[in-house]
Structure formats: structure tokens, C-alpha cells
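Asker: Quick one: sequence plus predicted model below, questions after.
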Amino acid sequence: MKDILKPIIVLTCICLVVTTLLAVVNFVTAPIILAAEEEAAAKARSEVLTQAKSFELMKDVKLPEGVTEAYKGNDETGYVFMLETKGYGGTIKLICGIRTDGTMESIKTLSHSETSGIGSKVVDNATGYNKNYSGKTAADYESVDFVTGATISSKAYRAAVKTAFDAYSAVKGVK
């Protein structure tokens, strides 16, 4: 019996020590990670709506499905929308800036899990596909062509753009 209990007690103590250390590390790093994420989000908002100096989170606004957050730029510069859509490889997270006149200033991918070399042609900011939507309105965004071989990702991206314009319609009159 002693031969069985001794390893169990030793392993239990090791697990408790490791668990405690992980909890302490998480407690220390969680605020730092949260601050870094918020800083990155603020930078991304400034990149997609360049004229805005600050942003106000719009609360109590009914947003379309797929829009996780909406921000209003100061001085009526426009709106920024945080978007999620389902692509071929999983969830695609985007951020989109629409000016007060209803034209899209910019859209940028924040994260994705699309297939490298295929779906990534659509969602990688470096490929430039996102720039095709700059200057587009709700009336003409569908004129942007899909990427050959990445139809599902292209359709998901276009659906997110449509959702952004729907969100713009929902919030443009809200003070």
C-alpha cells in the first residue's frame, strides 16, 4: 500500500505546485495582455478610419449578426465596425471603416485561419485584395471580383463587407 500511495502523493503535490504557478503567471500577465490587445485594436481603428482622432464605442445599438462592435469616430468622421464571418478555414475577424458619406475607407483582416496560398489570397492584408473595397459604397461593393480558387473565402469577405454596410445603415442616424 505504501508503494502505491507515495507516487500518488508526490504527483499530486507536483500538480498542485505547477497549477499554482500557472495561476500566478496568468494573474500577472492577463492585464498586460488585455492592455496590448486594446492598444492593437485602437491602432487598427485609426488605420481604417484615418481622419478620426478618437472613437466612442456605440452601446445600445442593434447591430446585424456578424458585427461584434461599432465605434463612432469623433467629429462625424465615420464609423468603425468589428466583424466576424465564416470562411473556408474558420472564423475571419475584420475591422472596417466607413466614412459618414457611406464610402468605405478601408477594411483590414485582424485574424483568420484560411488555407495558406489559397484562401489567404483574400484575407492577407499584404495581398491587397482588401484595397479593392476602398472607396466602394453599399451600391457598388459587389463589383469587386472574387479570387479564383478561393471562392468560399471571397464570398465570406464580401458577406462581411455587406454586413458592415448594413451596420452603417443601422447606426448612421444614432447620436
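Answerer: Nice, thanks for sending it over.
Asker: avg pLDDT for stretch 99-115?
Answerer: Mean pLDDT, stretch 99-115: 92.
Asker: End to end on that stretch, go ahead and measure it.
Answerer: Taking Cα to Cα, to the nearest Å, stretch 99-115 runs 32 Å from one end to the other.
Asker: Which positions in that stretch come out as buried?
Answerer: Arg99, Thr103, Met104, Glu105, Ser106, Ile107, Lys108, Thr109, Leu110, His112, Glu114, Thr115 (16 or more other Cβ atoms under 10 Å). Using the backbone N, CA and C atoms, a C-beta is placed for each residue, glycine as well.
Asker: which residues in this protein form helices?
Answerer: 2-48, 120-123, 151-171 (DSSP state H).
Asker: Pull the distance from the shortest one to the chain's centre.
Answerer: I take that to be helix 120-123. Between the centre of helix 120-123 and the centre of its chain there are 15 Å (Cα atoms, centre = their mean, to the nearest Å).
Asker: what do you get for the first one?
Answerer: In terms of Cα atoms, centre = their mean, the gap separating the centre of helix 2-48 from the centre of its chain is 24 Å.
Asker: circling back: tell me the one of the buried residues of stretch 99-115 nearest Thr68?
Answerer: Leu110 (10.6 Å; Cβ to Cβ).
Asker: quick one: contacts for that closest one?
Answerer: Ala44, Met82, Lys93, Leu94, Ile95 (Cβ atoms under 8 Å, 6 or more residues apart in numbering).
Asker: Would you mind giving the residues you listed as CSV with neighbour count added?
Answerer: Below are the contacts of Leu110 laid out as CSV (neighbours: other Cβ atoms under 10 Å):
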residue, neighbour count
Ala44, 18
Met82, 21
Lys93, 16
Leu94, 26
Ile95, 23
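Asker: Which ones among these map onto strands?
Answerer: Those of those mapping onto strands are Met82, Lys93, Leu94, Ile95, per DSSP state E.
Asker: what bridges to the third one?
Answerer: Going back to what we said before, that points to Leu94. With DSSP bridges as the criterion, Leu94 is bridged to Leu83, Thr109.
Asker: Wait, it touches Val80, no?
Answerer: No: in this structure, Leu94 is not within contact of Val80 by Cβ atoms under 8 Å, at 10.8 Å.
Asker: Where in the protein is the helix or strand with the lowest mean pLDDT?
Answerer: helix 120-123 (a mean of 87; mean pLDDT, DSSP states H and E).
Asker: which strands and helices sit next to that one?
Answerer: When contacts are defined as 3 or more Cβ pairs under 8 Å, 6 or more residues apart in numbering; DSSP states H and E, helix 120-123 packs onto helix 151-171.
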